[in-house]
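Visitor: I'd like to go over a predicted model; first the sequence, then the structure.
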Amino acid sequence: MKSLAMAWFAAASLSIVVVPAASAGAQSADASMGTAVVPTETIYPGDIISSGQLEEVEVTNPNLTGDYAKRTREVTGKVSKRTLLPGRTISVSALRQPFAVTRGSNVRLVMSMGTMTITAAGTPLDDGAVGDSIRARNMDSGIIVNGTVLENGTIRVVAK
């Protein structure tokens, strides 16, 4: 019994010496690892993410790698491409910008050449976020054109 107690005491004193050093190292490692954004509830594909569904947590796993979101502002207002589970990091590749135009809707097509600007009614053949290059059909002529989606939901047609 006495040797068992001494072995426990030796192990306990060893762990007392090791644990604070490991804790100090872990704290400095935690501070340099930063934060990660995790959902507080399940977010489904197609949902627009609000800040109320998110929280920033300290990263404690030194093996965590990848393109996970580190700040809430990186995720807020984006659309989820897949199911996001509570407490799990959010991969940046699992997010997209919301669509500014949707397939089949009515949009304004705009083409500028120098000082001349031509506008026409059109319909997108693809969904598109701001800055995306998509195809659209001119409703008057039936011609399919390529253009870039603008913030106000119009499509700037590029000349061939």
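Guide: That came in fine, so what should we check first? Numbers count the residues shown, from 1 in each chain.
Visitor: Checking A121 next. Helix, strand or coil?
Guide: Under DSSP: H, G, I helix; E, B strand; the rest coil, the three-state class of A121 is strand.
Visitor: T117 now?
Guide: The three-state label given to T117 by three-state DSSP is strand.
Visitor: Wait, it touches M111, no?
Guide: Yes. Shown here, T117 and M111 form a contact pair, counting by C-beta atoms under 8 Å, at 7.2 Å. Using the backbone N, CA and C atoms, a C-beta is placed for each residue, glycine as well.
Visitor: Neighbour count for the two, which is higher?
Guide: Of the pair T117 and M111, M111 is the one with more neighbours under other C-beta atoms under 10 Å, namely 17 against 9.
Visitor: ok, and the closest non-adjacent residue to that one?
Guide: Closest residue in space to M111, ignoring its immediate chain neighbours: V157 at 4.2 Å, by C-beta to C-beta, 6 or more residues apart in numbering.
Visitor: For the one you found, name its beta-bridge partners.
Guide: Per DSSP bridges, residues listed as beta-bridge partners of V157: G147.
Visitor: Tell me which residues touch it, please.
Guide: Contacts of V157 were listed using C-beta atoms under 8 Å, 6 or more residues apart in numbering, and they are L109, V110, M111, A136, V145, N146, G147.
Visitor: Then E74?
Guide: By C-beta under 8 Å, 6+ apart, the contact list for E74 reads V37, V92.
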